[in-house]
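Visitor: how would this look folded up:
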Amino acid sequence: MKDRGYRDLADILSQVPGLYMAPAAKDSKMVRVRGASSDQTKIYIDGIPAFPLTGIVSNAASDLSTIPADSIAKIEIIKGSGPVQYGTDYKGGVILVTTKDGNGSGKFRVSVAGGSNHTYDAKLGYSGSDKNVSYAVNLSKHYSAGYLENQMNKKIYFDGKIKFKMSSKSSLMLNGYYSDMEREVPQSVDPATGEYVLPSGPRWSVATGDGITPAQKKNNNATD
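Guide: I've put the predicted structure just below:
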């Protein structure tokens, strides 16, 4: 994964035969396995269901592009029916993601990338291990102002894992993750008032044409 320069989980899965990354709301990426819908695929991160409501609530699967590749040590993919331990409410398959353990003395990892339209990606990680304890923490943020008007997109992701070695045959692991995404809702702009108009709202108050100068835009961009 490191050699191929993948940025996130969506990048990695897009290269696997039989898997399709389906675009969804807020520029998110959801996975479909062998044509099954995205809510028929279960995803686990270190044994924890990534999206617990998948298969229960329509379109409950979240954005796989929020999970950075820097945090991932291994991915296992079961296409179609699999072990009953993962339940019986999936038809597409199961994807098991294992995050990295800390190894050696504590060290930081920093990565920053940028591009046009005020786009940037920032990643920060800290990991290490002691005699009987290993730890790893990762934080990433993506921001883009968007190529078109009112297309701002912001994503934040955090994960952490602490593993205690209890004996030569057992260990205790505490882990968790958090993701959040925000994007401006696509709207039109009234050329007379400069205000944003919701897609389901009223049409422009004036007809478009030469001589119409948009007023100063107000800071009322709607976000989701």
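Visitor: would you map out the domains in this structure?
Guide: The record's domain parsing of the chain by automatic domain parsing lists 9-99, 107-183, 187-224.
Visitor: worst mean pLDDT among the ones you listed?
Guide: Mean pLDDT is lowest for domain 187-224 out of these, coming in at a mean of 56.
Visitor: all helices of this protein, in order?
Guide: With DSSP state H as the criterion, the chain has helices at 9-13.
Visitor: residues touching the most centrally placed residue in the chain, list them.
Guide: Nearest to the geometric centre of the chain sits Thr66, at 2.1 Å (CA atoms, centre = their mean). Taking CB atoms under 8 Å, 6 or more residues apart in numbering, we find Thr66 in contact with 8, 140, 142, 155-157, 179, 181. For the C-beta atoms, the positions are set from N, CA and C on the backbone; glycine is no exception.
Visitor: state the distance from Met30 to Lys131.
Guide: Using CB to CB, to the nearest Å, Met30 is found at 42 Å from Lys131.
Visitor: higher neighbour count, those two?
Guide: Set side by side, Met30 and Lys131 show more neighbours around Met30, with 25 against 6, by other CB atoms under 10 Å.
Visitor: check contacts around Gln40.
Guide: Neighbouring residues of Gln40 by CB under 8 Å, 6+ apart: 33, 55, 90-92.
Visitor: cool, Ile12 as well?
Guide: 1, 6, 69, 72, 75.
Visitor: if we go to 10 Å?
Guide: Contact partners of Ile12, counting by CB atoms under 10 Å, 6 or more residues apart in numbering, are 1, 4, 6, 19, 21, 64, 67, 69, 72, 75, 97.
Visitor: am I right that the fourth one is in contact with Arg32?
Guide: Yes. With contact defined as CB atoms under 10 Å, Leu19 and Arg32 form a contacting pair (7.2 Å).
Visitor: between the two, which contacts overlap?
Guide: Contact criterion CB under 10 Å, 6+ apart; residues shared by Leu19 and Arg32: 41, 92-93.
Visitor: may I see these arranged in CSV, with neighbour count and distance to Asn103 as well?
Guide: Formatted as CSV, those follow (neighbours: other CB atoms under 10 Å; distance: CB to CB, whole Å):
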residue, neighbour count, distance to Asn103
Thr41, 27, 31
Gly92, 24, 34
Gly93, 23, 30
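Visitor: export those to CSV and tack on distance to Gly146?
Guide: Formatted as CSV, the shared contacts of Leu19 and Arg32 follow (distance: CB to CB, whole Å):
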residue, distance to Gly146
Thr41, 28
Gly92, 31
Gly93, 33
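Visitor: which of the residues you listed lies closest to Leu148?
Guide: Proximity of those to Leu148 (CB to CB) peaks at Thr41, which lies at 30.5 Å.
Visitor: can you tell me which residues contact that closest one?
Guide: The contact partners of Thr41, taken as CB under 10 Å, 6+ apart, are 13, 19, 30-34, 51, 54-55, 61, 77-79, 90-95.
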